[in-house]
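A.B. asks: Quick one: sequence and predicted model below, then my questions.
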Amino acid sequence: MNIAILKALEAALKAEGALLEIIAPKVGGVEASDGSWVEAKQKIDGGPSVLYDAVALLPSDDGAKVLAKEPAARDFVADAFAHMKVIGHVKAALPLFEKAGVSDSRDDGFIVLESKDCSAFIAACRKLRCWTRAAGAKQG
């Protein structure tokens, strides 16, 4: 997990008055890129994306490869897409999108989080859903 982006996202969401809930492959949490431990509130197969207004996927390269092999992780991403959620992500998440069957469908609801600037993701989240996806429009 990219800790720098996670911390920036936490701060941006707090400033927005929004909540953040960490979901990880295991109940206890996940190791971050700096070696620290990030506690999780949900396990991926117990906290489906339907429970959330938007999702942000911040896995490491190795973490994304592991997640791509997990049916629950693939379902999480596919369901988030189907429910028109805004999906923030680091580039490492791309293999997970491919395995979830949404890599060719990425649209303006997919926001790359490549720096500590989370403003585009926050702005997209204010719309609550990616409505162009519902209309069948494909952008990007």
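C.D. replies: All right, it came through fine. Numbers count the residues shown, from 1 in each chain.
A.B. asks: Which pLDDT value belongs to the spatially most central residue of the chain?
C.D. replies: Nearest to the geometric centre of the chain sits Ala56, at 2.3 Å (C-alpha atoms, centre = their mean). On pLDDT, Ala56 comes in at 95.
A.B. asks: Name all residues that make contact with the nearest residue to it once chain neighbours are set aside.
C.D. replies: Counting by C-beta to C-beta, 6 or more residues apart in numbering, Ala56 lies nearest to Gly88, which is 3.8 Å off, once chain neighbours are set aside. In this view, the C-beta of every residue, glycine as well, is placed from N, C-alpha and C. Contact analysis of Gly88 by C-beta atoms under 8 Å, 6 or more residues apart in numbering lists 9, 54-57, 111-113, 118, 121, 124.
A.B. asks: The strand or helix carrying Gly88 pairs with which strands?
C.D. replies: Using DSSP states H and E, Gly88 sits within strand 86-89. Strand 86-89 has these partner strands in its sheet, going by DSSP bridges: strand 54-57 (parallel), strand 110-112 (parallel).
A.B. asks: nearest to Arg74, of these?
C.D. replies: strand 54-57 (11.9 Å; C-beta to C-beta).
A.B. asks: Which of the helices and strands in this protein ranks last by mean pLDDT?
C.D. replies: Ranked by mean pLDDT, DSSP states H and E, the weakest helix or strand in the chain is helix 131-134, scoring a mean of 83.
A.B. asks: Could I get the buried residue list for that helix?
C.D. replies: Buried residues in helix 131-134, defined by neighbour count with 16 or more other C-beta atoms under 10 Å: Arg133.
A.B. asks: And the helices in this protein?
C.D. replies: For the chain, the helices defined by DSSP state H occupy 3-16, 61-68, 71-82, 94-100, 119-125, 131-134.
A.B. asks: Show me what the last one is packed up against.
C.D. replies: Looking back up the chat, that one is helix 131-134. If you count contacts as 3 or more C-beta pairs under 8 Å, 6 or more residues apart in numbering; DSSP states H and E, helix 131-134 packs onto no helix or strand.
A.B. asks: Pull the distance from it to the chain's centre.
C.D. replies: 18 Å (C-alpha atoms, centre = their mean, to the nearest Å).
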